[in-house]
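>>> sequence and predicted structure, then a few things I'm wondering about:
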Amino acid sequence: MIPPGIKMLFVIMLLQLPFHSWSNSSNLNIVYHDFAPFSYQDNQGQAQGILVELTQAVCQQWPGQCDIAIRPYRRAIHLFASGEAKGIFLGWNRERAETMWFSLPLVQTEYGFYTLKDFPLTQLSQLAGKIIGVYGPSNTYSSLMLQQDKIKRLSLPPLLTDIYPQGDDLPMRMLQKRRFDAYYVNKDVGRFYARQIGLSELHYLSADREILYCVAFNKAVTNSETVRQFNHLFVKLLQQGRLDKIYQKYEMQPIRLPEEDLAAKSMPY
């Protein structure tokens, strides 16, 4: 039998261990939602997408258990909010950074307008008074309203919106059928579904809106050291070139590490 004094000494020694020694054994479970080509399920129900593959590469180096699952968006949000899932795929913004830690950006993308080949789009003013297809309610729709503000400042007729309740191939099919004049969407999402339905020779106009896709962690249930460890593993793989094939597969560029203060973005590093 261990004397009480020895037991207490053992407890004190454990408490004095560096914090990262505890975090090394933490398990991660990350939920993504159906948002191709970033995260989605294929016809066999397997998780696919550039964010899934990048996260899987980090998980292979994680010292504890690390699991990734695809869930419907509402279910994913519930699992994250309840603490049942430690991480979730989200775009970074300042409001979210108040309550969440973020990984470094895994992917940088943008919003923009797609039009058919007979409507060569080179500037925003060409869309004045035109019907714009958009998925909403969503961050995409909110971004489109910023473009609407630009149109108003030019004293031009406002954009007219045709809102769709899903961001899959349906809006791109409606563009193909000329149900609206332009489709406002994440650049890579639009390209993915255009290829799926065999729609080519599209024009694209960037909205100059940078989007950073990350893994978000609830500050209430996950410590910053866990996120720092995730970020270090990601950077290590990135610098070793071990993620290059994943970016090439999805025709995207590896992210450039931010030069500004990452702590201000709630990105522990």
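Great, that's in hand. Keep in mind it's a predicted model, so treat the numbers as computed, not measured.
>>> OK, contacts around Lys249?
Residues in contact with Lys249 (CB atoms under 8 Å, 6 or more residues apart in numbering) are 50, 53. Quick note: C-beta positions are derived from backbone N, CA and C, even for glycine.
>>> so what sits opposite the residue positioned nearest the centre of the chain in the bridge?
Closest to where the C-alpha atoms of the chain average out (CA atoms, centre = their mean) is Tyr213, at 3.0 Å. Taking DSSP bridges as the rule, Tyr213 bridges to Gly91, Val107.
>>> which stretches of the stretch 51-200 of the chain form strands?
Here the stretch 51-200 of the chain has its strands, by DSSP state E, counting those that start in this stretch, at 66-70, 87-91, 100-102, 107-115, 131-135, 160-164, 182-186.
>>> by contact count, what packs against the third one?
Just to be clear, that refers to strand 100-102. Strand 100-102 is packed against strand 203-218, helix 224-239, with contacts defined by 3 or more CB pairs under 8 Å, 6 or more residues apart in numbering; DSSP states H and E.
>>> can you do 6 Å?
Using 3 or more CB pairs under 6 Å, 6 or more residues apart in numbering; DSSP states H and E as the contact criterion, the neighbours of strand 100-102 among helices and strands are strand 203-218.
>>> ok, the second one next?
If contacts are counted by 3+ CB pairs under 6 Å, 6+ apart, strand 87-91 sits against strand 28-32, strand 203-218.
>>> one more pass at 8 Å, please.
In terms of contact count using 3+ CB pairs under 8 Å, 6+ apart, strand 87-91 is assigned the packing partners strand 28-32, helix 73-81, strand 203-218.
>>> how many neighbours does the residue lying closest to Met100 once chain neighbours are set aside have?
Take Met100 and drop its neighbours on the chain: the residue closest to it by CB to CB, 6 or more residues apart in numbering is Ala216, 4.5 Å away. Neighbour count of Ala216, defined by other CB atoms under 10 Å: 25.
>>> what sits against Ala216?
Contacts of Ala216 by CB under 8 Å, 6+ apart are 80, 87-90, 92, 96, 100-103.
>>> list just the nearest of the residues you listed to Tyr269.
Ser103 (9.5 Å; CB to CB).
>>> in contact with the closest residue to the closest one other than its chain neighbours, which residues?
In this structure, Ser103 finds its nearest non-sequential neighbour in Val215, 4.1 Å apart by CB to CB, 6+ apart. Residues in contact with Val215 (CB under 8 Å, 6+ apart) are 30, 55, 87-90, 102-103, 106, 230.
>>> farthest pair in those residues?
Among these, Leu90 and Phe230 lie farthest apart (CB to CB), at 14.4 Å.
>>> of the two, which one has the most company?
For Leu90 versus Phe230, the count of surrounding residues by other CB under 10 Å is larger for Phe230: 29 against 22.
>>> count of neighbours near the closest residue to that one other than its chain neighbours?
In space, and not counting its chain neighbours, Phe230 is closest to Ser103: 5.6 Å by CB to CB, 6+ apart. Applying other CB under 10 Å, we find 28 residues neighbouring Ser103.
>>> same deal with Leu106?
Taking other CB under 10 Å as the neighbour definition, Leu106 ends up with a count of 25.
>>> against Phe89, how distant is the residue nearest to the centre of the chain?
According to CB to CB, to the nearest Å, Tyr213 stands 7 Å off from Phe89.
>>> find residues that contact each of those two.
Both Tyr213 and Phe89 are contacted by 38, 51, under the criterion CB under 8 Å, 6+ apart.
>>> which secondary structure state is assigned to Pro37?
Counting by DSSP: H, G, I helix; E, B strand; the rest coil, the backbone at Pro37 sits in coil.
>>> distance of it from Met174?
Look at Pro37 and Met174: by CB to CB, they are 20 Å apart.
>>> out of the two, which sits in the more crowded spot?
Pro37 (23 against 15).
>>> got the contact list for the more buried one?
Neighbour list for Pro37: 49-50, 188-189, 192, 250 [criterion: CB under 8 Å, 6+ apart].
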